[in-house]
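> 3D, please:
(one chain, ligands or ions: 1)
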Amino acid sequence: MKFSAVELIIKKREHQALTTDEINWLVDAYTKGAVADEQMSAMAMAILLNGMEREEIRDLTMAMIASGERLDFSGLSAKTADKHSTGGVGDKITLPLAPLVASYGVAVPQLSGRGLGHTGGTLDKLEAIPGWQASLSNTELYSQLAEIGAVICAAGAGLAPADRKLYSLRDVTGTVEAIPLIASSIMSKKIAEGTSALVLDVKVGSGAFMKTLDRATELAKVLVQLGQDAGVKTSALLTDMSTPLGFKIGNALEVEESVEVLTGGGPKDVVELTVELAKEMLMHVGITGVDPTENLNNGKAMDIWRKMITAQGGDLDAPMAKAKEWHTIRASSSGFVFQLDALALGVSSWRLGAGRERKEDAVQFGAGIELHHQVGDEVAAGDALMTLYTDTPEKFERAIEIAESGISISEAMPAERKLILGKIS
Ligand code: URA
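Reported below is the predicted structural model:
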């Protein structure tokens, strides 16, 4: 053995920086099983508590990339651009965004994940479409990208396997929120995926990993630097996640809302974020001066959506699952909807069955929450505020309690929501 895991843990515990060789050895030995889970857990906690310098974060990212394969889209005639969100509630933006950007001739390889905890996963949402398959071989991915221009599929097991192993460990050891670990986890997958441009949607607020603008800004700067160091054109938007995006939370519900956006309708906030992220992705590949709203309104993005879903076996004419039971929460007083807390509604939707408790659990495609109002709306006592859906009514009691804890109605009108809070480039 070249190094000792215990010595490296102690070094990080004592606030010292790890060298490139030490990090390469650690990640390689952990991926192969020579460093034990308990040792990597201690290291993750030491990193969470004591941080890492920029060089260490870059080394960690590169070592995680080297643990697996790298995709190469340089043979495509179109330029590639991708988007990554740090995760939020009602965040279905990838669904309309990928076909929208592809409708301008850009190749969009959107390798996505499943939800764990209160934030939903893109693959779980698309699997609500009967027949849709998340797994594609690298050859299928490449040819769909060449023929249709957009692919949303599961990131293969070969991409950054060290991250896969470390992420599961962090999830059960209270070490998810460390900026060096989040940044290297996200960027190792995105750089290995081989996109030439990347736009990050870094969420801020109760429903996000980063609860404050300062922390989110710090994360965004690290992410952008890592991308640029690796030769990927990278920028980040900081966006509000204090309240859910749109009116629908849950798998089939979010597909429905995405289709509304693709037919030129949909909630104002979902449309605004889709359009802003599309502009940013297009700008990185040299397309400026277009208004992406046009291709939402004229059906061009919808055409790509249909082709993209059908190519992966999805039947867009078949009905999606609907929950068997529902419960409506009504306003307890008259006034302005002051708060609809993203975390409370995300956890409530998860408890209703839209998300999973353990990785191996199945999700209920029809479960979730439909909001009838957003923050700032005026309501009268007794008005319907939201409807909760599930197939398992025994889940209602706890889910209602959690959702209600996130609602407040006030006589004062809340400040208007600012969706885009900043940009790092
Ligand atoms: N998303 C990831 O892929 N990794 C993290 O650590 C956090 C969010």
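
> for the ligand, give me its nearest residue in the protein.
Of all residues in the chain, residue 185 sits closest to the ligand, with a separation of 3.4 Å (Cβ to the nearest ligand atom). Every residue, glycine included, has its C-beta placed from N, CA and C.

> not counting sequence-adjacent ones, nearest residue to that residue?
residue 163 (5.0 Å; Cβ to Cβ, 6 or more residues apart in numbering).

> same question, residue 12
Here the residue nearest residue 12, using Cβ to Cβ, 6+ apart, is residue 46, at 4.0 Å.

> for that neighbour, grab the count of nearby residues.
Residues within reach of residue 46, counting by other Cβ atoms under 10 Å, total 21.

> can you list the low-confidence ranges for the stretch 101-250 of the chain?
The stretch 101-250 of the chain contains residues with pLDDT under 70 at 116.

> helices of that one, residue ranges please.
For the stretch 101-250 of the chain, the helices defined by DSSP state H, counting those that start in this stretch cover 122-126, 138-147, 161-171, 179-193, 213-229.

> mind giving me the packing neighbours of the shortest one?
Read that as helix 122-126. Applying 3 or more Cβ pairs under 8 Å, 6 or more residues apart in numbering; DSSP states H and E, one finds that helix 122-126 contacts helix 94-102, strand 108-112, strand 150-154, helix 251-262.

> thought the residue nearest to residue 185 was touching residue 188?
Yes - the criterion here is Cβ atoms under 8 Å, and residue 163 meets it with residue 188 at 5.1 Å.

> what sits in contact with each of the two?
Here residue 163 and residue 188 share the contacting residues residue 64, scored by Cβ atoms under 8 Å, 6 or more residues apart in numbering.

> domain-wise, how is this protein divided?
Residue ranges for each domain of the chain read 5-51, 82-155+192-311, 325-410, as given by automatic domain parsing.

> okay if I get those as CSV plus distance to residue 177?
Output for the domains of the chain, formatted as CSV (distance: least, Cβ to Cβ, whole Å):
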stretch, distance to residue 177
domain 5-51, 7
domain 82-155+192-311, 6
domain 325-410, 14
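
> highest average neighbour count across those domains?
domain 82-155+192-311 (a mean of 22; mean count of other Cβ atoms under 10 Å).

> now the strands for this protein?
Secondary structure of the chain by DSSP state E: the strands cover 82-85, 108-112, 150-154, 197-204, 233-240, 248-249, 325-330, 335-340, 368-371, 378-379, 384-390, 407-410, 420-424.

> quick check: which helices or strands does the fourth one pack against?
Using 3+ Cβ pairs under 8 Å, 6+ apart as the contact criterion, the elements in contact with strand 197-204 are strand 82-85, helix 213-229, strand 233-240, helix 268-284.

> can you list contacts of the shortest one?
If I follow you right, that is strand 82-85. So strand 82-85 is in contact with 91, 93-94, 97-98, 108-111, 186, 190, 193, 195, 197-201, 203, 277, 281, going by Cβ under 8 Å, 6+ apart.

> before we move on, what about stretch 291-304?
Stretch 291-304 is contacted by residues 96, 99-104, 148-150, 261-264, 271, 274-275, 278-279, 282 when judged by Cβ under 8 Å, 6+ apart.

> mind putting the helices and strands packed on strand 197-204 into a markdown table with distance to the ligand?
Shown next, in a markdown table, are the helices and strands packed on strand 197-204 (distance: least, Cβ to the nearest ligand atom, whole Å):
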| stretch | distance to the ligand |
| --- | --- |
| strand 82-85 | 8 |
| helix 213-229 | 10 |
| strand 233-240 | 14 |
| helix 268-284 | 17 |
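
> ok, which of those comes nearest residue 12?
Comparison of the helices and strands packed on strand 197-204 against residue 12 by Cβ to Cβ identifies helix 213-229 as nearest, at 17.5 Å.

> list of residues touching that closest one?
Contact with helix 213-229 is made by 54, 57-58, 61, 86, 179-180, 182-184, 186-187, 190-191, 198, 200, 202-204, 208-210, 233-236, 238, 421-422, 424-425, as judged by Cβ under 8 Å, 6+ apart.

> output it as CSV - backbone C-alpha positions only.
What follows is helix 213-229, C-alpha atoms only, in CSV (Å, rounded to 0.1, in the frame of the first residue of the first chain):
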residue,chain,number,x,y,z
LEU,A,213,-27.5,32.7,-0.9
ASP,A,214,-24.0,32.9,0.6
ARG,A,215,-23.6,29.1,0.7
ALA,A,216,-25.2,28.7,-2.7
THR,A,217,-22.8,31.3,-4.2
GLU,A,218,-19.8,29.6,-2.6
LEU,A,219,-21.0,26.2,-4.2
ALA,A,220,-21.7,27.8,-7.5
LYS,A,221,-18.2,29.4,-7.7
VAL,A,222,-16.5,26.1,-7.0
LEU,A,223,-18.7,24.3,-9.5
VAL,A,224,-18.0,26.8,-12.3
GLN,A,225,-14.3,26.8,-11.6
LEU,A,226,-14.1,23.0,-11.8
GLY,A,227,-15.9,23.0,-15.1
GLN,A,228,-13.8,25.8,-16.6
ASP,A,229,-10.6,24.1,-15.4
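
> okay, the angle between that helix and strand 197-204?
On the basis of axes from the mean of the first three to the mean of the last three Cα atoms, to 10 degrees, helix 213-229 is oriented at 170 degrees to strand 197-204.

> helix 213-229 versus strand 233-240: what angle between them?
Orientation check (the same axes, to 10 degrees): helix 213-229 against strand 233-240 gives 160 degrees.

> contacting residues for residue 261?
With contact set as Cβ under 8 Å, 6+ apart, residue 261 has these partners: 96, 267, 270, 271, 274, 296.

> closest to residue 378 among those?
Nearest to residue 378 out of those is residue 267 (Cβ to Cβ; 17.6 Å).

> per-residue pLDDT, that closest one?
Listed pLDDT for residue 267 reads 98.

> shouldn't it be in contact with residue 247?
Yes - counting by Cβ under 8 Å, residue 267 touches residue 247, with 5.6 Å between them.

> what residues does the stretch 1-150 of the chain put near the ligand?
Contact residues, the stretch 1-150 of the chain versus the ligand (Cβ under 6 Å from any ligand atom): 86, 87.

> mind doing that once more with 8 Å?
84, 86, 87, 113 (Cβ under 8 Å from any ligand atom).

> what's the answer for the stretch 151-300 of the chain, then?
Counting by Cβ under 8 Å from any ligand atom, the stretch 151-300 of the chain sits next to the ligand at 163, 167, 170, 176, 181, 182, 183, 185, 186, 189, 209.

> now the residues you listed in CSV, with distance to residue 71?
Compiled in CSV, these are given as follows (distance: Cβ to Cβ, whole Å):
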residue, distance to residue 71
163, 15
167, 19
170, 24
176, 26
181, 23
182, 22
183, 20
185, 17
186, 16
189, 11
209, 26
